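**Student:** here is a sequence with its predicted model. Questions after.
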Amino acid sequence: MGFWLHKTFISKRDFANVTSGTEVFNLPKSGILSNLLLELMAYSGSTNADIFMADAISKVEVIGNGSTVIQSLTGAQIQASAAWDDKAMPMDKEISPSAGCYGYFDIRFGRFPGDQKYALDCSKWDSLELKITYDLTAGGALGTTGMTTDTGTIICIGLYSPDGAGLTPVGYLKKAQKKTYVTATDGTEDLALPTDFPYRRLLLGKTHDKYSFLQAWRYITIDINNGARKPIDNMTSNELMRLQNAIAGNPIWRHWKRYYFAAAAVTMSSPIGWMTNAFVGAWMGGAAPVINGMDPPFYSLTASTLVHAHIAEEGFLPWHTLAIDLERQSGKDGVEAMMDCWGYDQAADIHLKHTQWLADENLSVVLEQYASHPV
């Protein structure tokens, strides 16, 4: 059996006086890498801001040999993937205004941190780069409704075996965004999916500030070989959400945040889709949260005086993202997971088809695959 060392790869890289940009770091040229856990910290602005640290991460990429995409995800997509792994949201700490906010983004090359079957063998690549693209204005105006520009720092830690002693991973998890859409009223989409590596799962996402999930993802079909097999056949996203949550053990995801705000009505968005409730502690001079509809993207609070609100939200879709999880459904991994679920073969023609209800919502499709290292 092999073993892992806890390693710090990046420590307190300062984003002082920089609003946005891309930071590039070299990763080891040897050894086995299980995961990279990024901690992004910045201070919130001087007025109440409904911000999420995940919004400030535009993209995180791990690139091999200068061009091969090993992983390429937004901050929210990284957190959604880990949430479906763990059945829990990351341990973000978001406080507003004028307080430190911390976001955690676990880039996993295996099924879980410390996985010895799937991990990144750095020796198989001539070069490995970590690229972090950020934009501190994503939550609002710098210094007021967003973040404070001179406070951003980042730490990157992970599990790493320098000499790979006893570790022989059969491959790694490749995760990448395959498509983004802006919905159209009664729109339809037909996305051809790659078959270079077998699938672990698909993540179907939307932004957290507009419509319900059903209004964005209405009917969903997985079509293999032009209708020869349809593992998912014109199922509503609500039905598919309930079935996939049952496969995952019916988890309920929770997210906490803390806000101080003066007498006003405040609209709060949530990273939890199909939100069932929002609980408020240490509540003075305000009304209880008002949640409208079965799958609200936001809720409202009102206050008659200065309010210190500690809010716990819960619901069924982490970062408004639905997982089609072949690994959990089959109880297997690698090629076997896809064969058991979809009758996979290397020459299959696989399409994701879906319809939309309302216009101007942003959607994304992320594909997770069991990839092999270069020979």
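**Tutor:** Ah, there it is.

**Student:** who are the packing partners of the helix or strand containing F105?
**Tutor:** Following DSSP states H and E, the helix or strand that holds F105 is strand 100-108. On a contact count with 3 or more CB pairs under 8 Å, 6 or more residues apart in numbering; DSSP states H and E, strand 100-108 meets strand 35-43, strand 57-64, helix 75-86. Using the backbone N, CA and C atoms, a C-beta is placed for each residue, glycine as well.

**Student:** rank the ones you listed by pLDDT, which is bottom?
**Tutor:** In terms of mean pLDDT, the lowest-scoring of these is strand 35-43 (a mean of 93).

**Student:** adding mean neighbour count and distance to R258, write the helices and strands packed on strand 100-108 out as CSV.
**Tutor:** As requested, the helices and strands packed on strand 100-108 are arranged in CSV below (neighbours: other CB atoms under 10 Å; distance: least, CB to CB, whole Å):
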stretch, mean neighbour count, distance to R258
strand 35-43, 22, 14
strand 57-64, 20, 21
helix 75-86, 24, 19
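
**Student:** okay if I get those as TSV plus distance to S270?
**Tutor:** What follows is the helices and strands packed on strand 100-108, written out as TSV (distance: least, CB to CB, whole Å):
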stretch	distance to S270
strand 35-43	20
strand 57-64	18
helix 75-86	12
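
**Student:** mind checking which of the ones you listed is nearest L214?
**Tutor:** Among these, helix 75-86 comes nearest to L214, with 18.0 Å by CB to CB.

**Student:** got the contact list for the next helix or strand after that closest one?
**Tutor:** Next in sequence after helix 75-86, counting helices and strands by DSSP H and E, comes strand 95-96. Applying CB atoms under 8 Å, 6 or more residues apart in numbering, the contact partners of strand 95-96 are S44, G45, N48, A49, D50, I51, C101, K257, R258, Y259, Y260.

**Student:** among the residues you listed, name the buried ones.
**Tutor:** S44, G45, N48, A49, D50, I51, C101, K257, R258, Y259 (16 or more other CB atoms under 10 Å).

**Student:** could I get the CA-only coordinates of the strand holding F105 as PDB?
**Tutor:** Coordinates of each C-alpha in strand 100-108 appear next as PDB, following Å, rounded to 0.1, in the frame of the first residue of the first chain:
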ATOM      1  CA  GLY A 100     -13.300  38.000   5.700                       C
ATOM      2  CA  CYS A 101     -14.800  35.600   3.200                       C
ATOM      3  CA  TYR A 102     -13.300  32.200   2.500                       C
ATOM      4  CA  GLY A 103     -14.000  29.800  -0.400                       C
ATOM      5  CA  TYR A 104     -12.800  26.200  -0.700                       C
ATOM      6  CA  PHE A 105     -12.300  24.500  -4.100                       C
ATOM      7  CA  ASP A 106     -11.200  20.800  -4.100                       C
ATOM      8  CA  ILE A 107      -9.800  19.800  -7.400                       C
ATOM      9  CA  ARG A 108      -9.900  16.000  -7.200                       C
END
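
**Student:** buried residues in it?
**Tutor:** Neighbour counts over strand 100-108 (16+ other CB under 10 Å) mark C101, Y102, G103, Y104, F105, D106, I107, R108 as buried.

**Student:** which one of these sits closest to D223?
**Tutor:** Using CB to CB, these come closest to D223 at R108, 29.3 Å.

**Student:** so which residues of the stretch 151-300 of the chain form helices?
**Tutor:** Here the stretch 151-300 of the chain has its helices, by DSSP state H, counting those that start in this stretch, at 213-216, 237-247.

**Student:** reformat the contacts of strand 95-96 as JSON lines; add distance to V266.
**Tutor:** Shown next, in JSON lines, are those (distance: CB to CB, whole Å):
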{"residue": "S44", "distance to V266": "14"}
{"residue": "G45", "distance to V266": "15"}
{"residue": "N48", "distance to V266": "7"}
{"residue": "A49", "distance to V266": "10"}
{"residue": "D50", "distance to V266": "8"}
{"residue": "I51", "distance to V266": "13"}
{"residue": "C101", "distance to V266": "17"}
{"residue": "K257", "distance to V266": "12"}
{"residue": "R258", "distance to V266": "13"}
{"residue": "Y259", "distance to V266": "8"}
{"residue": "Y260", "distance to V266": "11"}
